[in-house]
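Student: Can you look at this prediction? I've put the sequence above it.
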Amino acid sequence: MSEDRYERGWEKLKEIDGEAGERVIESLKDIAPDLGRYIIEFPFGDVFSRPGLDLKSREIATIAALTALGNAQPQLKIHIHGALNVGCTREEVIEVIIQMAVYAGFPAALNGMFAAKDVFKERDEKELH
């Protein structure tokens, strides 16, 4: 069961976050490999793999939550990439972040918007859309 969960999670992580997600897991190997495994198994193997919401909807929710937290810029950037990878448009990402100004405040929305701006610039430089 655990190996199925890990494999399902690893495939989902690669589908959503691609190389960025793989780099996060790799960066944990020398300090906290168990944390990397937990990330693969629970969020990606269990939650992101559930029926009921498509990946685009899940990434929109994730962007909203990470923007509202206001202190998770690296994770927000990875999930903005992920949202774009699974079919969100830049306009949808921007709208989700603007919506968070109402619930999380302008500072959180500004920080989220600057993260999106960085991601869009990075993707433009790599010619990814």
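Tutor: Okay, I see it.
Student: what residues go with each domain of the chain?
Tutor: Following the assignment in automatic domain parsing, the chain carries domains at 1-50, 53-129.
Student: Output the below-cut-off pLDDT ranges for this structure.
Tutor: 1 (pLDDT under 70).
Student: in it, which spans are helices?
Tutor: Using DSSP state H, the helices assigned to the chain run over residues 2-28, 33-39, 55-69, 73-85, 90-104, 106-125.
Student: how near is Ala108 to Asp54?
Tutor: Using C-beta to C-beta, to the nearest Å, we find Ala108 at a distance of 26 Å from Asp54. Backbone N, C-alpha and C define where each C-beta goes, glycine included.
Student: Looking at those two, which one has more neighbours?
Tutor: For Ala108 versus Asp54, neighbours defined as other C-beta atoms under 10 Å are more numerous around Ala108 (19 against 11).
Student: Please give me every residue in contact with the more buried one.
Tutor: Neighbour list for Ala108: Thr67, Ala68, Leu69, Gly70, Met100, Ala101 [criterion: C-beta atoms under 8 Å, 6 or more residues apart in numbering].
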